[in-house]
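Enquirer: Structure for this input, please:
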Amino acid sequence: MGVIEKIKSTGHMMTVDELSDLISISSKTLYAKVKAGTIPATRIAGSIRFDPALVADWLERQTVNAI
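Expert: Presented below is the predicted three-dimensional model:
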């Protein structure tokens, strides 16, 4: 199962740690992307959460086809 499929099958709002593990970037980089508005995120009671469907769509748009 690929990363996008794993994200879509999560079934719950993901935390920074969960998403950073899945897409293999540091939490610090993920927080920077949230701050810059380059990745879709939601604040719930002061915590950042990610909707799996929105993140999967975002990740598909970031993917570059191999030559």
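
Enquirer: any idea which element Pro40 lies in?
Expert: According to DSSP states H and E, Pro40 maps onto no helix or strand at all.

Enquirer: okay, now the closest residue to it other than its chain neighbours: neighbour count?
Expert: Distances taken as CB to CB, 6 or more residues apart in numbering put Leu54 closest to Pro40, at 4.1 Å, once the chain neighbours are dropped. All C-beta spots, glycine's among them, are computed from the backbone N, C-alpha and C. Look at Leu54: counted by other CB atoms under 10 Å, it has 14 neighbours.

Enquirer: Please save the CA atoms from the helix or strand harbouring Leu54 in PDB.
Expert: Taking DSSP H and E as the definition, Leu54 sits inside helix 52-62. Extracted C-alpha coordinates of helix 52-62, given in PDB (Å, rounded to 0.1, in the frame of the first residue of the first chain):
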ATOM      1  CA  PRO A  52      -6.700  12.600   5.500                       C
ATOM      2  CA  ALA A  53      -8.700  13.300   2.300                       C
ATOM      3  CA  LEU A  54      -7.400  16.800   2.000                       C
ATOM      4  CA  VAL A  55      -3.800  15.700   2.700                       C
ATOM      5  CA  ALA A  56      -4.100  12.900   0.200                       C
ATOM      6  CA  ASP A  57      -5.300  15.400  -2.500                       C
ATOM      7  CA  TRP A  58      -2.500  17.800  -1.600                       C
ATOM      8  CA  LEU A  59       0.100  15.100  -1.700                       C
ATOM      9  CA  GLU A  60      -1.200  13.900  -5.200                       C
ATOM     10  CA  ARG A  61      -0.700  17.500  -6.400                       C
ATOM     11  CA  GLN A  62       2.900  17.500  -5.100                       C
END
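
Enquirer: helices or strands up against it?
Expert: Judged by 3 or more CB pairs under 8 Å, 6 or more residues apart in numbering; DSSP states H and E, the packing partners of helix 52-62 are helix 3-8.
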